[in-house]
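Student: coordinates only, sequence not included:
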């Protein structure tokens, strides 16, 4: 069997490659954009056939539009109401994929990924930002102030290793032409994540709200319903939010120490 990953340098793509390399007889290929950072896949070189390419899509996690309180946890059949041009592009990509299944019989499955987080990701996600700041504070690279935005929203986080495993299970066991939420099914308050980071920090730090980190609007709760995915594949998330914080703190401590 041959598999092509179109986002190998991304956090999910690299972990998916790790998982696929454990499958005997599988030949793994991947696209890599010329400007993508190769460091996350350094350990894969020699094991994956890398092809320079760009399919003109960032494959980032979509943040779907307005969610009413009675729609939580969010199911796959919830009406799509994209709240930005980016969200509209994700809806269009999903519908295009499903049309290729309907019209040409292609083996297409759609996943709606909620927040996924893990090493090799950068520091744009809230958890990454908090852990990176704490590691910098510990190393004396930042004053003992943890800059935060709105701490009240609750978000559904899944570790990228669990995401990669779910993607392959769906390819093996999912029904073509179907849509599956890829999420932990648990929403954690952002302020509680900050508290975990402070508790695990090696030095004390003060939390300070940064107006630049506040968005014009924030959905109070984005929590997914993963029952369809679990029923189709037997998948369960294995990495808790506490373990995610522990791992990311260690990741940023090592990375910042190495970068000096």
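Tutor: Cool, the structure landed. None of these values were measured; they are calculated from a predicted model.
Student: can you pull out the strands in the protein?
Tutor: Secondary structure of the chain (DSSP state E): strands located at 2-5, 27-32, 49-52, 110-113, 115-117, 145-148, 154-159, 179-182, 187-189, 206-209, 221-222.
Student: Pairing partners for the first one, with directions?
Tutor: Right, strand 2-5. strand 27-32 (parallel) (DSSP bridges).
Student: could you give the mean pLDDT of the strand it pairs with?
Tutor: When pLDDT is averaged along strand 27-32, the result is 85.
Student: returning to that earlier point: which one of the strands of the chain lies nearest to residue 257?
Tutor: Taking C-beta to C-beta, strand 145-148 is the member of these nearest to residue 257, at 18.9 Å. From N, CA and C alone the C-beta is placed, and that goes for glycine too.
Student: Going by mean pLDDT, which of the strands of the chain comes out lowest?
Tutor: strand 49-52 (a mean of 80).
Student: what comes up buried for that strand?
Tutor: With burial defined by 16 or more other C-beta atoms under 10 Å, the residues of strand 49-52 counted as buried are residue 50.
Student: What of stretch 249-257?
Tutor: 249, 251-253, 256.
Student: go on, stretch 142-161?
Tutor: So stretch 142-161, judged by 16+ other C-beta under 10 Å, has buried residues 142, 146, 148-149, 153-161.
Student: low pLDDT regions in the chain?
Tutor: Scanning the chain with the threshold set as pLDDT under 70 gives 34, 53-63, 65-66, 83.
Student: what are the ranges of the helices in it?
Tutor: Applying DSSP state H to the chain gives helices spanning 11-20, 85-104, 126-138, 160-173, 190-200, 227-233, 241-259.
Student: Quick one: closest of these to residue 179.
Tutor: That would be helix 85-104 among the helices of the chain, by C-beta to C-beta, at 7.2 Å.
Student: quick one on the thing from earlier: and the buried residues of stretch 249-257, which is closest to residue 37?
Tutor: In terms of C-beta to C-beta, no member of the buried residues of stretch 249-257 lies closer to residue 37 than residue 251, at 15.0 Å.
Student: Name all residues that make contact with the closest one.
Tutor: Counting by C-beta atoms under 8 Å, 6 or more residues apart in numbering, residue 251 makes contact with 119, 131.
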